[in-house]
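Student: whatever this is, show me its structure:
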Amino acid sequence: MDPLFYVMAIMGCGDGSMACQQARIEPAQYRSIAQCQAAMPAALARNSDIDFPVVSASCRATGMPMASTKARAQHG
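Tutor: The predicted structure is shown next:
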């Protein structure tokens, strides 16, 4: 099953993108990884205040897959 939605993690990294750690999660939720990736430039610009030499982002699947209405109708 596909994940319910995607979220974007804002990562702070040392020089050379080493030792990255999650700094925050963007509040928006995306229905596809393509939508999440398309939103990265704006999200990185909003999160430039993080105290790391390098700031990056990563899209992650999250949420519980939901059963389809058809499947529920057959079992209910």
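
Student: give me the phi and psi for residue 25.
Tutor: phi -120, psi 130 (degrees, to the nearest 10).

Student: so which residues of this protein form helices?
Tutor: Applying DSSP state H to the chain gives helices spanning 33-38, 40-46, 69-75.

Student: kindly export the shortest one (C-alpha atoms) in PDB.
Tutor: What it means is helix 33-38. Provided in PDB are the C-alpha atoms of helix 33-38 (Å, rounded to 0.1, in the frame of the first residue of the first chain):
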ATOM      1  CA  ILE A  33       6.900  12.600  -3.200                       C
ATOM      2  CA  ALA A  34       7.000  14.700  -6.300                       C
ATOM      3  CA  GLN A  35       4.900  17.400  -4.600                       C
ATOM      4  CA  CYS A  36       7.200  17.300  -1.600                       C
ATOM      5  CA  GLN A  37      10.300  17.600  -3.700                       C
ATOM      6  CA  ALA A  38       8.800  20.500  -5.700                       C
END
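
Student: where does pLDDT dip in the chain?
Tutor: 1-3, 17, 64-76 (pLDDT under 70).

Student: the strands in the protein, which residues?
Tutor: Under the criterion DSSP state E, the chain contains strands at 5-13, 21-25, 54-62.

Student: just the ones you listed: most buried one?
Tutor: With neighbours defined as mean count of other C-beta atoms under 10 Å, these peak in mean count at strand 5-13, which reaches a mean of 19. (Each C-beta comes from the backbone N, C-alpha and C, glycine too.)

Student: and the angle from that strand to strand 21-25?
Tutor: Strand 5-13 and strand 21-25 are oriented at 130 degrees to each other (axes from the mean of the first three to the mean of the last three C-alpha atoms, to 10 degrees).

Student: gap between strand 5-13 and the chain center?
Tutor: Here strand 5-13 is found 5 Å from its chain centre; the criterion is C-alpha atoms, centre = their mean, to the nearest Å.

Student: same question, stretch 14-27
Tutor: 13 Å.

Student: likewise stretch 29-41?
Tutor: With C-alpha atoms, centre = their mean, you get 8 Å for stretch 29-41.

Student: buried residues, it. List them.
Tutor: By 16 or more other C-beta atoms under 10 Å, the buried positions in stretch 29-41 come out as 30, 36, 39, 40.
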